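Peer 1: model the following, please.
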Amino acid sequence: MFVQASVEGLPASFFALMKSIVFALALAWGCWLPCEAQAGIEALRLKPGEVLPQVDGKLDEAVWQRAPLFDQFVQFLPEDKRPAPMRTTVQVLVLDDALVFGIRAYDPAPELIRAPLSRRDKVRRDQDFVSVVLDPVGQRRSAQFVRISAAGVLADGVFSADDDSEDFAPDFDLQAAVQRLPDGYSVELRWPLAALRFPYADGVPWRLMVTRSMPREASTLVVSAPLTKEALSFIAELQPLEGLGGLVEQVRERSFLSLRPELTFRSERESDPAGSSRKRELSLGLEMKWRPRADWVIDATLNPDFSQVELDTPQLAGNTRFALSVQEKRAFFLESTDVVGQSQSEQNEQQQSLAAFYSRAITDPDWGLRATWRGAEAEATLLSLRDVGGGQIRRPSAYATQSYAQQGRSQASFARGRMQLNVGEQALGLALLASQRDYGRDGINQVIGSDFALPVGSSDLLRGHVLASSTTAGFDANGQAQRIQAESGHKFWLEWRHRTEDWNNTAQLEEVAPRFANDNGFVSQSGFRRIGMNVHRRLPSQSLAPLGEWSRFQAHELELQLHMTQSQTLADAPLGVLGGELIERQVHPGFWLAAARNSGAWGYLGLDQQRAKTGGRLHAPRTLNLGLESNPNAWLTFVSAELSWGQRLDVEADRLGRGASLLLQAKLRSPLLLGWWLELEQQLGQSYVDRPGGGRSFTERNAQTLAVLHLSAQDSLRAIAQGTWYQRHEEPSLLGAEDSSSHLSLVFQHRIGLSRMLSLGLVSARERPADRRNTELFAKLSLAFQP
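Peer 2: You can find the predicted model right below:
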């Protein structure tokens, strides 16, 4: 079923790049440095017959009086290596089937605690919360985490050390309760062992870190581990969790099976100028999660329905010819994203991780099967899905991404295994992967590859990947799928990261062959070679306005930054692209600072050179780019603004013009009568470029309003309204165009944990100028049970 690998036809440069990786690994092999031993957090193992604690947040059972107490927290944000401003304590109980955490958050001004009701996974640093970060594998490559706000709302997910990112998409079946107290609040968290992924044998001690957020003037984050900002990742200093005894040996054979049937009724009406149609359907789907033992998890889905998933946030895309990625929100794809290598991190980090696997490439699966295994020194995942189709297949080039409609069913398969080669306390992570997209008679796309992450000492990280593809799935001049003669290509990416108290630098080298394609991944550009570097000079905390009433304005962090990249084409004869042509050169001197109220500000000058098409003129746009974000207060929890202004490249017109791009965001939370809470999020975006002689060349706008009315901890009403609009004015050499779209979604949801959910919804969409309309009513009932 998987890739039938062959190296025939691969260019010689592919093998040269492979040699460079081997050389880099050999060069760094002697640079390992051991880590210092860390103080652990001691847990209390309960004896058979002891009274188990009730998860009510009170911490008043007698067993909590005997449990060891840890209170050696230190400040990490806004400035590290300082004593914690408020006391926090943590205790851990070990049950036969769960870990129970008791956390006490003391506060001399409890009236300032921010505890709004919010959606799951929306607990951010504008709220008071405590967090437990747990690595039951013990290697600090990845860690599961959960945040519990002072209102008892959960946000959970996975940390990844390789790209130092947190992914809130995965959800775990946890139980937590919070008790507000006259001097703060207390939290009780029950983490079932069935929700943890750990090795069957030969494992190392589990590792842990507890954090606490206090969004006051300084927006403080304290941690239980000796974490500093020069660490290569947020989970680099996790502490040993002691006192587990023989827990792993006693529970590793326990199996766990969860079945979640889903019943969905849908009534849909579609219309366009040619007519209209109606359809009604009642469908039954099933999700299964089976853990036969501690190190294995089997997931299956049959006829899944995603009607309750939020709409994707609109993006400004009218002045680019490259595809944009969107975040995954479907539950089946979120198990063990760290093993898959699929990151939800931002910008270049995300693009590199999604090059191997991008789950949004699977549009409408009618069934899927997945197996994940975790060992002490290795881990692997294997998945296969049948996709009904209806999505887009991308074929990138040096100057654009071509998108074609997927007209029929396909079989998507992916496998990745990663091993850990330990030397002292450091480790080399080395992975192999294989990917296949089978379109039947219309061809097949196959990819094999490898990726690695190599810490070099305590301040440097070397990582990268090499992928090779073979494709017989192509398209004719009319965009119809057809089988073609096999085309091969490769993708190579190498990054060096250096992080110390004074510097935060990266350097990258990337090459993507013209015919490289990965239909299970996300690759928006090919046929280029790029080199880049980011030099960030960290400066000590300082006042930016030492005189007058602004003398208290303190920059907790300040960086002087320089970003430089250069992209050149690789020869691509079928598209008429010569090798060595400069696509883009970026020189961005700038700054970034962090201040009170979790505020950040940044800016840079865009001193660029850009080419819109092969053989076209090399333009020199000049822009001023500014950004600001903050958590102002308890009701206006987040604001941000990003502005780019100056001489911008109009890609379609292939010329420079004065223009701007502006993106505004605001998030509000407010209590209402009857104990209800309102969440309101607004995003507005606009981009334009003027013609050289005056007048507008094009204008693009988008907007999204999201409102959630929390009726209780279990009931909510969510409304999303969003729209996009694009207009290009007609010129003698350019055709005019105008299109727009609008979407409305209204969903009531009753939810108890992850086990039971009832959703009732209305979705309406309209597209112009085609004047296509779609209206859908749905009701969905989901119940989970354990046979």
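
Peer 1: now do the same contact list for Arg266.
Peer 2: Shown in contact with Arg266 (C-beta atoms under 8 Å, 6 or more residues apart in numbering): 280-283, 307, 776-778. (C-beta placed from N, C-alpha, C; glycine too.)

Peer 1: which of those residues fall in strands?
Peer 2: Judged by DSSP state E, strands contain the following of the contacts of Arg266: 280-283, 776-778.

Peer 1: out of these, which one sits closest to Ser697?
Peer 2: Nearest to Ser697 among those, counting by C-beta to C-beta, is Glu776 at 36.9 Å.

Peer 1: nearest to Leu509, of the contacts of Arg266?
Peer 2: Ser307 (43.4 Å).

Peer 1: tell me where the model's unsure across this protein.
Peer 2: Low-confidence segments of the chain (pLDDT under 70): 1-38, 306-319, 324-332, 334-355, 423-426, 543-553, 753-754.

Peer 1: the contacts of Arg266 into CSV, with extra columns for neighbour count and distance to Phe475?
Peer 2: CSV is the format used below for these (neighbours: other C-beta atoms under 10 Å; distance: C-beta to C-beta, whole Å):
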residue, neighbour count, distance to Phe475
Arg280, 10, 35
Glu281, 10, 31
Leu282, 9, 37
Ser283, 13, 32
Ser307, 16, 31
Glu776, 17, 31
Leu777, 16, 36
Phe778, 19, 34
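
Peer 1: okay, the ones in strands among the contacts of Arg266 in TSV with distance to Pro110 next?
Peer 2: Listed next are the ones in strands among the contacts of Arg266 as TSV, based on distance: C-beta to C-beta, whole Å:
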residue	distance to Pro110
Arg280	53
Glu281	52
Leu282	51
Ser283	49
Glu776	46
Leu777	45
Phe778	43
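
Peer 1: out of those, which comes closest to Gly603?
Peer 2: Closest approach between these and Gly603, by C-beta to C-beta: Glu776, at 43.9 Å.

Peer 1: so what's that closest one up against?
Peer 2: Glu776 is in contact with 266-269, 307, 761-764, counting by C-beta under 8 Å, 6+ apart.

Peer 1: take the residues you listed and keep only those in strands.
Peer 2: 266-269, 761-764.

Peer 1: these: which two are farthest apart?
Peer 2: With distances taken as C-beta to C-beta, the most widely separated pair in the ones in strands among the contacts of Glu776 is Arg269 and Gly761, at 14.7 Å.

Peer 1: now the helices for the protein?
Peer 2: In the chain, the helices defined using DSSP state H lie at 12-28, 63-66, 247-251, 337-340, 347-354.

Peer 1: what is the neighbour count of Ile752?
Peer 2: By other C-beta atoms under 10 Å, the residues close to Ile752 number 11.

Peer 1: for it, which non-adjacent residue is closest in space?
Peer 2: Spatial nearest neighbour of Ile752, excluding adjacent residues (C-beta to C-beta, 6 or more residues apart in numbering): Gln714 at 5.7 Å.

Peer 1: what about the one you found, how many residues nearby?
Peer 2: As a burial measure, Gln714 scores 14 neighbours (other C-beta under 10 Å).

Peer 1: number the residues from 102 up from this point.
Peer 2: Taking 102 as the first residue, the last one we looked at is Gln815.
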